[in-house]
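>>> The sequence isn't on hand, but the structure is:
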């Protein structure tokens, strides 16, 4: 058995690398253990066909904290962001192409409604304003429910942020946190196109009915983002998402962190109620003063920790965490850009430089959710498509492209005893066929394809029940309740075991915040000892 490390980080995803970077910067001897052959977790760049590289799971950044970018010197280590240009929303036989230019966007929206452009500006402004309350909590520990002095300070800070809002904005904040997405959308917008577009945005970040209380919370996912001072901005990463996590790994190594790949952890070792290291699947035992788990809470507490080391009531609560995100990925290698069915968008192919969302109307999306909840495949899926090689020519051979497709409302558990390994390519064929309604020649320009079913997202990338957020963003699974009141401040019921992944506050997305906050907690505890 080797000499003990100060800290072991289980999982080399972006939050694990963030935590390790901060620990190393503070002079803490840290070891990152990653089960795959590359670090990055779900934020990686991989070859999907000879000569074609893609961000296979996570594919854009918006929520990455500016403080993390600066503190870990990511730009000096090769991290570079590239702007997307425009948003194309396609619903049924019509479309809406938004560029950010008010004159252009007003004309686009007025094809469907003479009031919805103003409503869109007001709604987006409102979400940004009330979202600031949540944005300001990203890099702070949530208070404990049995608040002490430190927790009272956190509660006071939150209360002051809410107090700064006008009475109307406090009302809107409460609505967004507790109301249904459908009622909010119908209150703000009159046209079917705009209502469907905003409903589609909700389904992108959730797996719930639009009528469920709290189903509007995904609207905050873009509101709390800030990149280079621009609120709500979305960016690609040069070289794919691996460009971010490789920069994080480079910084971590530069401050003395050791990173081992192909080192799957079998068990977090606990002695006398304290985490004392890990045992690898190879049988190797590695000791440490503390362990940070970048794995999701269910994997951490129900697989990596022995059940006998947990309070039974806590373990049962963890078993009941709601997981699942209804996601499936199809990544394509293309010999050329596909054509698009709308003649007015063909000039210059500007549509290909931004985000493309294809979705049915609200009732169709609700039907998709109901189908997925029953284990069935949706007939008209909600798709989000980017073609990053149009902006970043390092990803594909000259003149050729990669296309990334996020498909929503696909069940993790299939009905009728079906298995994803048997049907996933047929389902991917259906997704491509569905896209040809918008891009008629897409099938003709495909030279390679990678299909990642909901099951693949679990088995390959370690996302339990294919949940990219490590636990759903429902109101009772956020803030001081994420993932449990006894593990909401990164410490867990097992002494010296910490959570540093998206299953902890503030939740999922490429933020670096859980890793930052967990590292700060560990440093405070180590210094206190």
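Sure, I can see it. Treat the numbers as computed from the prediction; the structure is a model and nothing was measured. Numbers count the residues shown, from 1 in each chain.
>>> What ranges in the stretch 401-529 of the chain fall below the confidence cut-off?
529 (pLDDT under 70).
>>> contacting residues for residue 526?
By Cβ atoms under 8 Å, 6 or more residues apart in numbering, the residues touching residue 526 are 6, 28, 289-290. For the C-beta atoms, the positions are set from N, CA and C on the backbone; glycine is no exception.
>>> Any buried residues in the helix or strand containing it, and which?
Residue 526 is part of helix 513-528 when elements are defined by DSSP states H and E. Neighbour-count burial for helix 513-528 flags 513-523, 525-526 (criterion: 16 or more other Cβ atoms under 10 Å).
>>> Kindly report the same for stretch 71-88.
By neighbour count on 16+ other Cβ under 10 Å, the buried set for stretch 71-88 is 71-74, 77, 79, 81, 84, 86-88.
>>> do stretch 296-314 as well
For stretch 296-314, a neighbour-count test (16+ other Cβ under 10 Å) marks 296-305, 309-310, 314 as buried.
>>> now it: mean pLDDT?
The average of the pLDDT scores along stretch 296-314 is 96.
>>> what's the domain layout of this structure?
Residue ranges for each domain of the chain read 5-43+66-79+237-322+467-528, 118-228, 327-459, as given by automatic domain parsing.
>>> Could you point out which of those domains sits nearest residue 50?
When the domains of the chain are compared by Cβ to Cβ, domain 327-459 sits nearest residue 50, at 7.7 Å.
>>> quick one: that closest one to chain centroid distance?
Relative to its chain's centre, domain 327-459 lies at 18 Å (Cα atoms, centre = their mean, to the nearest Å).
>>> Nearest residue to residue 51 in space, please, no chain neighbours.
residue 397 (5.0 Å; Cβ to Cβ, 6 or more residues apart in numbering).
>>> can you map out the strands along the stretch 101-250 of the chain?
Using DSSP state E, counting those that start in this stretch, the strands of the stretch 101-250 of the chain run over 226-227, 230-231, 235-237.
>>> mind listing what the second one pairs with, with the direction of each?
With DSSP bridges as the criterion, the sheet partners recorded for strand 230-231 are strand 226-227 (antiparallel).
>>> What is the distance between the partner strand and the centre of its chain?
Going by Cα atoms, centre = their mean, where strand 226-227 is centred and where its chain is centred differ by 15 Å.
>>> before we move on, the earlier item: residue 49: which of the domains of the chain is closest?
Across the domains of the chain, closest to residue 49 is domain 327-459 (Cβ to Cβ), at 2.8 Å.
>>> Pull up the distance across that closest one, start to finish.
Start and end residues of domain 327-459 are separated by 14 Å (Cα to Cα, to the nearest Å).
>>> Next: stretch 278-296.
First-to-last residue span, stretch 278-296, Cα to Cα: 17 Å.
>>> Kindly report the same for stretch 490-498.
End-to-end distance of stretch 490-498 (Cα to Cα): 5 Å.
>>> the strands in the stretch 301-450 of the chain, which residues?
327-334, 355-359, 382-386, 401-408, 446-452.
>>> Include distance to residue 56 and mean neighbour count when you put these into a markdown table, please.
Conversion of these to a markdown table gives the following (distance: least, Cβ to Cβ, whole Å; neighbours: other Cβ atoms under 10 Å):
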| stretch | distance to residue 56 | mean neighbour count |
| --- | --- | --- |
| strand 327-334 | 6 | 26 |
| strand 355-359 | 18 | 23 |
| strand 382-386 | 13 | 23 |
| strand 401-408 | 8 | 25 |
| strand 446-452 | 7 | 18 |
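>>> Reformat the ones you listed as TSV; add distance to residue 248.
Shown next, in TSV, are those (distance: least, Cβ to Cβ, whole Å):
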stretch	distance to residue 248
strand 327-334	22
strand 355-359	25
strand 382-386	22
strand 401-408	21
strand 446-452	23
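>>> Not including adjacent chain positions, what is the nearest residue to residue 321?
In this structure, residue 321 finds its nearest non-sequential neighbour in residue 471, 5.4 Å apart by Cβ to Cβ, 6+ apart.
>>> Now do the contacts for the one you found.
By Cβ under 8 Å, 6+ apart, the contact set of residue 471 is 296-297, 321-323, 477, 482-483, 502-503, 507-508.
>>> List only buried entries from those residues.
Among the contacts of residue 471, those classed as buried by 16+ other Cβ under 10 Å are 296-297, 321, 323, 477, 482-483, 502-503, 507-508.
>>> So residue 292 lies in a strand, does it not?
Yes: membership of residue 292 in a strand is supported by DSSP: H, G, I helix; E, B strand; the rest coil.
>>> Give me the subset of the buried residues of stretch 71-88 lying in helices.
Among those, DSSP state H puts residue 71 in helices.
>>> and residue 54, that one's in a strand?
Yes: according to three-state DSSP, residue 54 belongs to a strand.
>>> Residue 293 reaches residue 496, doesn't it?
No: contact criterion Cβ atoms under 8 Å: residue 293 and residue 496 do not qualify, at 11.4 Å.
>>> of those two, who's got more company?
residue 293 (29 against 22; other Cβ atoms under 10 Å).
>>> Dig out what that one forms beta bridges with.
Beta-bridge pairing of residue 293 under DSSP bridges involves residue 10, residue 499.
>>> got a list of what residue 248 touches?
14, 17-18, 21, 72, 74, 77.
>>> give me the element residue 279 is part of.
Here residue 279, judged by DSSP H and E, is contained in strand 274-280.
>>> if I look at the residue nearest to residue 321, how far off is residue 442?
35 Å (Cβ to Cβ, to the nearest Å).
>>> still on that earlier bit, reformat the buried ones among the contacts of residue 471 as TSV; add secondary structure and distance to residue 384.
Formatted as TSV, the buried ones among the contacts of residue 471 follow (DSSP: H, G, I helix; E, B strand; the rest coil; distance: Cβ to Cβ, whole Å):
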residue	secondary structure	distance to residue 384
296	coil	23
297	helix	27
321	coil	26
323	coil	21
477	helix	23
482	coil	25
483	coil	27
502	coil	19
503	coil	23
507	coil	19
508	coil	16
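>>> Residue 197: which of those is nearest?
residue 508 (22.5 Å).
>>> Skip the chain neighbours and tell me the closest residue to that closest one.
residue 469 is the one closest to residue 508 (Cβ to Cβ, 6+ apart), at 2.7 Å.
>>> what does residue 44 give?
Distance criterion Cβ to Cβ, 6+ apart; nearest residue to residue 44, sequence neighbours excluded, is residue 242 at 4.8 Å.
>>> Correct me if wrong: that neighbour contacts residue 36.
No: when contacts are counted by Cβ under 8 Å, residue 242 is not listed as touching residue 36 (12.0 Å).
>>> Cool, thanks, talk later.
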